[in-house]
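S.K.: I'll drop the sequence and a predicted model, then ask my questions.
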There are 2 protein chains.
Amino acid sequence: MLQQQPYSPNKPEQDHTQAQEPTYVIGADIGGTNLRLALADNQGTIIAKWSASTVGIRDANVVVAMISEGVEAMLQQTSVPRCSLRAIAAGAPGVTDVDQGIVIATSYLMGWRDVPLRALLETALGVPAAIDNDVNVAAIGESWAGAAQETLDFVFLAVGTGIGAGIILNGQIFRGHGWTAGEVGYLLVPGTSEAPVERGKPGALEAIVGGEGIQEQWQAHWSEASTPLPKSATATQIFDHALEHNPLAQQVLENAARTLAYAIYNISLILNCPLFVLGGGVGMHPALRDATERVLAQRSARVQPQLVLSALGSEAQLIGAIRLALQTADSRAAL
Amino acid sequence: MLQQQPYSPNKPEQDHTQAQEPTYVIGADIGGTNLRLALADNQGTIIAKWSASTVGIRDANVVVAMISEGVEAMLQQTSVPRCSLRAIAAGAPGVTDVDQGIVIATSYLMGWRDVPLRALLETALGVPAAIDNDVNVAAIGESWAGAAQETLDFVFLAVGTGIGAGIILNGQIFRGHGWTAGEVGYLLVPGTSEAPVERGKPGALEAIVGGEGIQEQWQAHWSEASTPLPKSATATQIFDHALEHNPLAQQVLENAARTLAYAIYNISLILNCPLFVLGGGVGMHPALRDATERVLAQRSARVQPQLVLSALGSEAQLIGAIRLALQTADSRAAL
């Protein structure tokens, strides 16, 4: 701050902090069904959002063009000048080489292979970009502003159609030698199939605990006499129904919970991790959390990780991406 | 090096490197049945060894007194003066708080609880000490001078009576939030018992892949007609017998290998680890390695970690302890 000039009351005090132009970042959550964007200020406060469907879109260039369009729309809506943008970060639904900025592979839905997403974003938007796997980005979100702010070691478990883990050790994302750490959808535990899994098919754990796996088990045992719920019920509806004491729904829930508990037990043995944050459309159902916790409680006092529901829900990835973008802006500014 | 004096050919050149006294460290491998010590020079070359039985010894003070006795014996044998000792490091058979220097818990054999082993060693020997879990120390050995010198990410799997893992990530031992990372003897995979494990009993994985578990399976199916091998055969004898195509021995081997393969597969999914080093009396049998590799090969190209046998064998812990002692000496010298 400049020294105030005496005897010049009309000259306003200059405050260099306030005089600096406000800066902004973009967080992007690229999914197989939706693209979601947020514009946030340099504190991470979201000031605009934008989203669009990605159903049927497989070309990464099209996704990047959509991101450009969304960014433009948010800038216009908020009257933020383009030159105030400092960085963008995106969570991608697949194996991501964070160092090279390349999405190595996504699931069959998008079918990406070796997409240089970071460079595409930097070229399209003219700001530094960072990319990471979407579950890792969600874990960053929960760590920064969600259910895991108090701990340096936790696992974010995203349970939806698929199952993935974002592993935070000592406050840092652990990504593994080949960027695939936390591919827990394939875990083998008592009760899962031992048959080798074909590429593009659900993993052994997903087949019992994932959304479609739960629906399949429901359908396999469904009869009109056993439940008023339709055969086509969703995992969430089935879990709600279990809370209403329907025996068939309870059986499906208990089976999923036991299998999930065994997976968490195994991860916890290996990583000695005290906290699991459950996210995703299936994972966030309280009935699943409670039933899983009951199974874990029966096992051993030595391994008793705490299970909490995601605090950010479907926003976890977007908020994690904002965090990553803020870090990217800072690290580039420091160069 | 001092400048050579001109015109004084009789005055020898002084070499301060050679003039320095040679220094030494002690590595200790504390086990439930044996205590093994080594005296090594500052390059890690072992110049003396000493060992004694620890069967029936539960008092940590007695173990430390035995270590003092062994160190004294090695110093005398090699005529190394006591003042040349720079550090000691010990692997302890239990959960070890490396920061505080405390063995939190060992198995029922020794029954230690919260033993301040580092302080006991420093007091007894008058040199800086470091302690760590024995499987972690063995992993350090394999990383420094054994089967994993080429990689920054690997898991050392010790398969003996019990099963434990030493996890090296990015060149560093990963010990976990509560110092219990790698307690894989309790892993649940298809085929293991789901019954909760009582304290002091073998874990679910150990019951099938551990030495005693293998013997129990052998005994459960043994009959005089099925094999010339006695009912009391050891795991190693049973595996040798499997290589001779005895069907019962092959069945026990295949069961252990399938279960071990599932455990390695799970660890590999979570950690994305490219290399597993198999150690321990059971784990080092080539028949188990080969059979385990066959099961893994059937699963998925995506997760195909390499399995290699420990290069240091029963020396892994002792050599890892020497490495740890050398690092301890260096870090104290730098203060």
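M.R.: Everything's here; your move. Just so we're clear, the structure is a prediction, and the values are computed from it rather than from any experiment. Numbering: from 1, shown residues only, chains lettered A, B, ... in the order given.
S.K.: So which residues of chain A form strands?
M.R.: For chain A, the strands defined by DSSP state E cover A:24-30, A:34-41, A:46-53, A:85-92, A:94-97, A:102-106, A:113-115, A:129-133, A:154-159, A:163-169, A:172-174, A:275-279, A:306-309.
S.K.: Please convert those to CSV, extending it with distance to residue B:326 and mean pLDDT.
M.R.: Using the backbone N, CA and C atoms, a C-beta is placed for each residue, glycine as well. CSV is the format used below for those (distance: least, CB to CB, whole Å; pLDDT from 0 to 100):
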stretch, distance to residue B:326, mean pLDDT
strand A:24-30, 46, 98
strand A:34-41, 49, 97
strand A:46-53, 52, 98
strand A:85-92, 42, 98
strand A:94-97, 35, 96
strand A:102-106, 39, 95
strand A:113-115, 43, 96
strand A:129-133, 38, 98
strand A:154-159, 35, 98
strand A:163-169, 26, 97
strand A:172-174, 28, 96
strand A:275-279, 36, 98
strand A:306-309, 39, 97
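S.K.: Now do the spatially most central residue of chain A against chain B, distance only.
M.R.: In chain A, the centroid-proximal residue (CA atoms, centre = their mean) is residue A:138; its distance is 3.0 Å. Separation of residue A:138 from chain B (CB to the nearest CB, to the nearest Å) stands at 17 Å.
S.K.: that older thread, just send the strands of chain A back as TSV, with distance to residue B:95 too.
M.R.: Converted to TSV, the strands of chain A look like this (distance: least, CB to CB, whole Å):
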stretch	distance to residue B:95
strand A:24-30	40
strand A:34-41	43
strand A:46-53	44
strand A:85-92	36
strand A:94-97	34
strand A:102-106	37
strand A:113-115	43
strand A:129-133	32
strand A:154-159	20
strand A:163-169	18
strand A:172-174	21
strand A:275-279	19
strand A:306-309	20
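S.K.: ok so, going back, and the closest residue to the residue nearest to the centre of chain A other than its chain neighbours, how many neighbours?
M.R.: Among residues not flanking residue A:138 along the chain, residue A:316 sits closest, at 3.9 Å (CB to CB, 6 or more residues apart in numbering or on different chains). By the criterion of other CB atoms under 10 Å in any protein chain shown, residue A:316 has 32 neighbours.
S.K.: wait, isn't residue A:316 in contact with residue A:145?
M.R.: No: contact criterion CB atoms under 8 Å: residue A:316 and residue A:145 do not qualify, at 9.0 Å.
S.K.: which regions of chain A lie under the pLDDT threshold?
M.R.: A:1-19, A:108, A:300-303, A:334-335 (pLDDT under 70).
S.K.: which helix in it runs the most residues?
M.R.: Within chain A, and with DSSP state H defining each element, the longest helix by residue count is helix A:247-271.
S.K.: anything in it near chain B?
M.R.: Yes: on the criterion CB under 8 Å from any CB of the partner chain, helix A:247-271 is in touch with chain B at A:262, A:265, A:266, A:267, A:269, A:270, A:271.
S.K.: Which residues of the stretch 51-200 of chain A lie near chain B?
M.R.: A:152-153, A:165, A:167, A:169, A:174-184, A:186-192, A:194, A:196-197.
S.K.: Check those for burial and list the buried ones.
M.R.: Neighbour counting by 16 or more other CB atoms under 10 Å in any protein chain shown classes A:153, A:165, A:167, A:169, A:174-177, A:179-184, A:186-189, A:192, A:197 among these as buried.
S.K.: and the gap between the residue lying closest to residue A:88 once chain neighbours are set aside and chain B?
M.R.: With sequence-adjacent residues excluded and distances taken as CB to CB, 6+ apart, residue A:88 is closest to residue A:26, at 4.1 Å. For residue A:26, the distance to chain B (CB to the nearest CB) stands at 29 Å.
S.K.: show me the contacts for whichever residue of the stretch 51-200 of chain A sits closest to chain B.
M.R.: Residue of the stretch 51-200 of chain A nearest chain B, by CB to the nearest CB: residue A:176 (2.6 Å). Counting by CB atoms under 8 Å, 6 or more residues apart in numbering or on different chains, residue A:176 makes contact with A:182, B:153, B:271, B:272, B:273.
S.K.: Good, we can wrap up now.
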